[in-house]
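1. Here's my sequence, what's the structure:
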Amino acid sequence: VCNRTDAPLRAALGSFIDVCIAPQAEFEAHPAFQRLLIETRALDDGLLLARRRVRSAEERYPLVCHFAGAEGEAEFHYETDRAAFLRRGAVALPTKNGRTGAVIGPCLSLSAEIEIPAREKRCVWFGTAAVEDGGQAAARRARYKTPAAVRQALSLAGLSADVTAREAGLSESDEIAAQR
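-> Below is the predicted model of the structure:
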């Protein structure tokens, strides 16, 4: 985010993920029921987890972690209740920490409030991953703690996508069409 003015700028940036942790056919058959099986928690203000409650010992599902990072000072807030996030149809970024646990409509939403000095810029990023436990989630967030680490990961992801597309024989127009 660039501040092109001669005065400091306070900005809030946010994310929103509608959470579903179920096989696609099960979710499509009963989306409301599948959402009732999701529990959320915050490991800290910038790291959220969602997990599916299992109904039998044979069921195993990954955790979904969602995290935020920022260059410089940032104040992070979260919300995991979709109804609170949408607030009667008008999207509102979390300005304080919201609910976690078994909410009727689970989501993972983070906001980062930053101050950008005059004529400077700051980076804010959000990441999402499937992990086995809270320790892996914290490690994932720590891995992407700096703007340089995030840029490197994006560069490597782009390179991997290019190699995969080339191996699959996709043209540039095929790639663009696939991303629509």
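2. looking at this, residue 149 is in a strand?
-> No: using DSSP: H, G, I helix; E, B strand; the rest coil, the assignment for residue 149 is helix, not a strand.
3. where's the residue nearest to it when sequence neighbours are not counted relative to residue 151, distance?
-> Nearest in space to residue 149, with sequence neighbours left out and distances taken as CB to CB, 6 or more residues apart in numbering, is residue 143 at 6.5 Å. The way it works is simple: take the backbone N, C-alpha and C, and place the C-beta from them, glycine included. Between residue 143 and residue 151 the distance is 13 Å, computed by CB to CB, to the nearest Å.
4. cool, residue 158 as well?
-> In this view, residue 158 and residue 151 are 11 Å apart by CB to CB.
5. same deal with residue 43?
-> Residue 43 sits 25 Å away from residue 151, going by CB to CB.
6. what about the two, which has more around it?
-> Taking other CB atoms under 10 Å, residue 43 and residue 151 do not tie; residue 43 has more neighbours (15 against 12).
7. Can you give me every residue that contacts that one?
-> Counting by CB atoms under 8 Å, 6 or more residues apart in numbering, residue 43 makes contact with 49, 134, 137, 138.
8. In strands, which of those residues appear?
-> Using DSSP state E, the subset of those located in strands is residue 49.
9. Please tabulate the contacts of residue 43 in CSV, including the columns distance to residue 82, pLDDT and neighbour count.
-> Shown next, in CSV, are the contacts of residue 43 (distance: CB to CB, whole Å; pLDDT from 0 to 100; neighbours: other CB atoms under 10 Å):
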residue, distance to residue 82, pLDDT, neighbour count
49, 16, 96, 22
134, 22, 90, 15
137, 21, 93, 22
138, 25, 91, 17
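10. Filter the contacts of residue 43 down to just the ones in helices.
-> Using DSSP state H, 134, 137, 138 are the members of the contacts of residue 43 that sit in helices.
11. ok, now how distant is residue 103 from residue 131?
-> Using CB to CB, residue 103 is found at 21 Å from residue 131.
12. right, I mislabeled it, should have said residue 22
-> For residue 22, the distance to residue 131 (CB to CB) stands at 17 Å.
13. now do residue 75
-> In this view, residue 75 and residue 131 are 25 Å apart by CB to CB.
14. do residue 47 as well
-> Going from residue 47 to residue 131 by CB to CB gives 11 Å.
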